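Undergrad: Need the 3D shape of this:
(one chain, ligands or ions: 1)
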Amino acid sequence: MLRPLVILVAVAIAAVPAPSAAAQQPRRTPPPRRRPPPVAAQRIPTPRSVLGFEPGDDRKLADWPTLVRYYQALAAASDRMRYRELGHSTLGAPLIALVISSPQNLRALDRYRALNARLADPRGFKTARETDEVLRDGKAIVLVTSGIHSTEVGGHLTPALLAYRLASDTSLATRTILDNVILWLVPSLNPDGVSIVTRWYNRTVGTAAEGTDPPELYHHYIGHDNNRDWYAFTQVETQLVVDSIHNVWHPQIVHDIHQQDTDGSRLFLPPYLDPIEPNVDPLLVDGVNALGTAMAWALAGQGKTGIVIDAVYDAWTPARAYQHYHGGVRILSEAASANLASPIDLPADQLATRGRGFNPRERSWNFTNPWPGGRWTLRDIVTYQTDGAYALLENAARYRDRWLANFLTVEGRAVRGWKGWPYAYVLPRQHQDSVGLATLLGILHRGQVEIRTALHPVALGGQRFPAGSYVVVLRQPYAGFAKTLLEPQRYPDLRLYPGGPPLPPYDVTAHTLPLLMGVTAVAARDSLRIALSAPVEPPAASPGSPGWAGPEAPRIGLYRSYVAPLDEGWTRWVFDTWKVPYVPVVDSVVRAGKLKDQFDVIVLPDQSPHELFDGLPREYPAPYTGGLGQEGVEGLPASPSSTCSSLCATCLREWPTTSSTPQGRSSGSSWTRPTRSRAVCPLSPSPGTKAVPRSRCSIRVPRASWGATRPMRTRCCSQAGRCIPSEWQAGGR
Ligand SMILES: [Zn+2]
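TA: Model (predicted):
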């Protein structure tokens, strides 16, 4: 690829007369000619040439196969990028990446990977000179990921614009990026969702349902939760990106491109709000703060308004931030959404003031130049996102040496161990839930934590653990990942004002794997003073439950609402993973009745009564509207003599029939709908269950969901027939 390009450039230069010769020979001014585009740009396919439109055009989205064709064409034409297929998504689509750098760097990728791996684990350095050489020769490794939340549709298209710019631009800034940075660009972390949302959008554009969310989860199993999977690693997309990019290339910078609600800032960039999870190295927090602010500064210099930093989003959960425990910074960006690909008009006085840390109608230190309101389009979104990612890459290139040095510092501290941290965690093999233990160890192993075994018995805090117990020493490159997942969390007591109510956390507040998995893990404050094995592979956690197979298995129906709650997907994932047979049950099946002939058990996912009863609004096409409705409620058997069978029907019959606007329908919304606990409703009385007195159970429906706060009395029972009113009263999760 390189040779013809060089020849063309040489010919172009030879064709231009030397200035001195031109000065000596006065001649007629030649007729004006259109300046030809840069040589590289002539050969690089534009997004339009494959997609059929310019990314950012109103009401235009591309499905995943078309986008993949574009990236293949781009990589075939450019010597600045290579196309990689990492594997396949849940529904079988190719999960792809582009590796982008200068042609010289791409020819030596293996060398740069090896150099960076040495910085990631500095235990291999013998001399300061070796270290200096690696710091001198290494490249900044950047991972840019997009499109994990598929209704945030700018994220489908921005990677195409960014890749095209990096492939075709001949400016000094871009050449500096290519020389100093090796960029891994994952155009979509959720390829299935690109096609699900694009298909739905194209089907509904021009109808009353234009811009609505699709009536299914945009990740087959876990929908919007797919960016909360970065320590549990439950989904194949997470596993592929962790295994083939994070753990191989150890990026210093990870940029994840998202969208937020329509009516807040035009773009969020870090710093994050408190709380920052305390096991994140402070130097990484400094890096996040510096880089996010630098990006905001660059975008502001281009005249972009409405950019906020240090607002809304915290950095507490490792579920969203694998790299914070692996030496890298996480730069989240959240552009304001439009109505999927349809533009919106938003006067300034309709900007919402609910976001934490700023008011989008007022100037403040972290929101220096408010957006004046008006039309907001997909073009605005992709422009903010593309220019933001480019600013990030410029910073990575300019400060390559600092990013690498700080990366080495972070890993060096982890290897030496932090003062005040336990020396190790000991996890005995005996008397443990074997599946829980294997799952926990499997998570640590995938996170590149070294797991050893004790070669002798371990005495610890008056207890004695036999030889063979697992030991995780907190003096290793990813000790922070192990510690944060093994210790109990203490979420800080943050208040709206001194003595006032608690500040609601942005996301989940705890991630202690021993508690989640039912496993004992004991912290050892000091060295164990015994020999340990070399790192070992954890045992396999084998899914499959023979108790649910064969003719004895209950006939399970899993209710699948078109409102598409996350809990339905997670439940389906559990069933599929553990090979529990079930049949999805949609509204029309319930409304048709005769469920008892088909099923022994109906599982209703965790979903608000309003969503269950009313379903999607009438803007949606048939058959997606209406929820269970009265007809469906009647279809659910209600036998006064049975213990649990009438749970759903009873609840629904007593729910108010006045409906309110469904919640959480705005595209790009990242908050979780109000929900209640899962109910399992056997359609026949199970042996050994007892009737629960009606007076002992109630549901308190929050005002936000219903416009009513009176307790809703019903009979509630768990699978075992036990009344669980307290969980229902607890509301959200
Ligand atoms: Zn998002």
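
Undergrad: Which stretches in the stretch 501-650 of the chain count as helices?
TA: Listed from the start of the chain, the stretch 501-650 of the chain has helices (DSSP state H, counting those that start in this stretch) covering 513-517, 566-577, 587-592, 595-598, 609-614, 629-635, 647-654.

Undergrad: mind checking how far stretch 212-220 is from the chain centre?
TA: When C-alpha coordinates are averaged (C-alpha atoms, centre = their mean, to the nearest Å), stretch 212-220 and its chain have centres 16 Å apart.

Undergrad: I'd like the mean pLDDT over it, please.
TA: Mean pLDDT, computed over stretch 212-220, is 98.

Undergrad: from the helices of the stretch 501-650 of the chain, which stretch is densest packed?
TA: Stretch with highest mean neighbour count among these: helix 609-614 (a mean of 23; mean count of other C-beta atoms under 10 Å). All C-beta spots, glycine's among them, are computed from the backbone N, C-alpha and C.

Undergrad: elements contacting that helix?
TA: The helices and strands touching helix 609-614, judged by 3 or more C-beta pairs under 8 Å, 6 or more residues apart in numbering; DSSP states H and E, are helix 629-635, helix 647-654, helix 703-706.

Undergrad: quick one: which of these has the weakest pLDDT on average?
TA: Of all these, helix 703-706 carries the lowest average pLDDT, namely a mean of 30.

Undergrad: Please report phi then psi for the most centrally placed residue in the chain.
TA: Geometric centre of the chain, nearest residue: Asn227, 1.9 Å, by C-alpha atoms, centre = their mean. The phi/psi pair for Asn227 (degrees, to the nearest 10) reads phi -100, psi 20.

Undergrad: and the residue nearest to it when sequence neighbours are not counted, what does it touch?
TA: In space, not counting the residues next to it along the chain, Asn227 is nearest to Ile148; the distance is 4.9 Å by C-beta to C-beta, 6 or more residues apart in numbering. When contacts are counted by C-beta atoms under 8 Å, 6 or more residues apart in numbering, Ile148 touches Gly155, Ser188, Leu189, Asn190, Asn226, Asn227, Asp256, His258.

Undergrad: In TSV: the helices of the stretch 501-650 of the chain, plus distance to Pro214.
TA: Listed next are the helices of the stretch 501-650 of the chain as TSV, based on distance: least, C-beta to C-beta, whole Å:
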stretch	distance to Pro214
helix 513-517	31
helix 566-577	13
helix 587-592	16
helix 595-598	26
helix 609-614	15
helix 629-635	21
helix 647-654	25
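
Undergrad: for the ion, what are the nearby residues on the chain?
TA: Neighbours of the ion within the chain, by C-beta under 5 Å from the ion: His149, His258.

Undergrad: If we use 8 Å, what do you get?
TA: Applying C-beta under 8 Å from the ion, we find that the chain lies next to the ion at Ile148, His149, Glu152, Gly155, His224, Asn227, His258, Gln259, Gln260, Glu334, Gly668, Ser670.

Undergrad: neighbour-wise, which of the residues you listed leads?
TA: When neighbours are counted by other C-beta atoms under 10 Å, Gly155 leads those with 30 neighbours.

Undergrad: how close does it sit to Thr46?
TA: 20 Å (C-beta to C-beta, to the nearest Å).

Undergrad: before we move on, back to that, the residue nearest to the centre of the chain touches Ser150, doesn't it?
TA: No: assessed by C-beta atoms under 8 Å, Asn227 is found out of contact with Ser150, at 11.3 Å.

Undergrad: Any idea which of the helices of the stretch 501-650 of the chain gets closest to Leu98?
TA: Closest of the helices of the stretch 501-650 of the chain to Leu98 is helix 566-577, at 29.2 Å (criterion: C-beta to C-beta).

Undergrad: Can you list the buried residues in stretch 84-98?
TA: Buried residues in stretch 84-98, counted by 16 or more other C-beta atoms under 10 Å: Arg84, Leu86, Ser89, Thr90, Ala93, Pro94, Leu95, Ile96, Ala97, Leu98.

Undergrad: Check these and tell me the two furthest apart.
TA: Greatest spatial distance among these (C-beta to C-beta): Thr90 and Leu98, at 21.6 Å.

Undergrad: Break down the stretch 251-400 of the chain into its strands, ranges please.
TA: 253-260, 267-269, 273-276, 307-309, 314-315, 329-336, 344-347, 373-376 (DSSP state E, counting those that start in this stretch).

Undergrad: Once you drop chain neighbours, what's closest to whatever residue of the stretch 401-550 of the chain ends up closest to the ion?
TA: As assessed by C-beta to the ion, the ion sits closest to Asp507 within the stretch 401-550 of the chain, at 12.0 Å. What sits nearest to Asp507 in space, not counting adjacent residues and going by C-beta to C-beta, 6+ apart, is Thr317, at 5.0 Å.

Undergrad: Do I have it right that that neighbour meets Thr512?
TA: No: shown here, Thr317 and Thr512 do not form a contact pair, counting by C-beta under 8 Å, at 11.9 Å.

Undergrad: neighbour-wise, which of those two wins?
TA: Per other C-beta under 10 Å, whichever of Thr317 and Thr512 has more neighbours is Thr317, with 21 against 14.

Undergrad: avg pLDDT for stretch 518-533?
TA: For stretch 518-533, the mean confidence score works out to 96.

Undergrad: From start to finish, how long is that stretch in a straight line?
TA: 25 Å (C-alpha to C-alpha, to the nearest Å).
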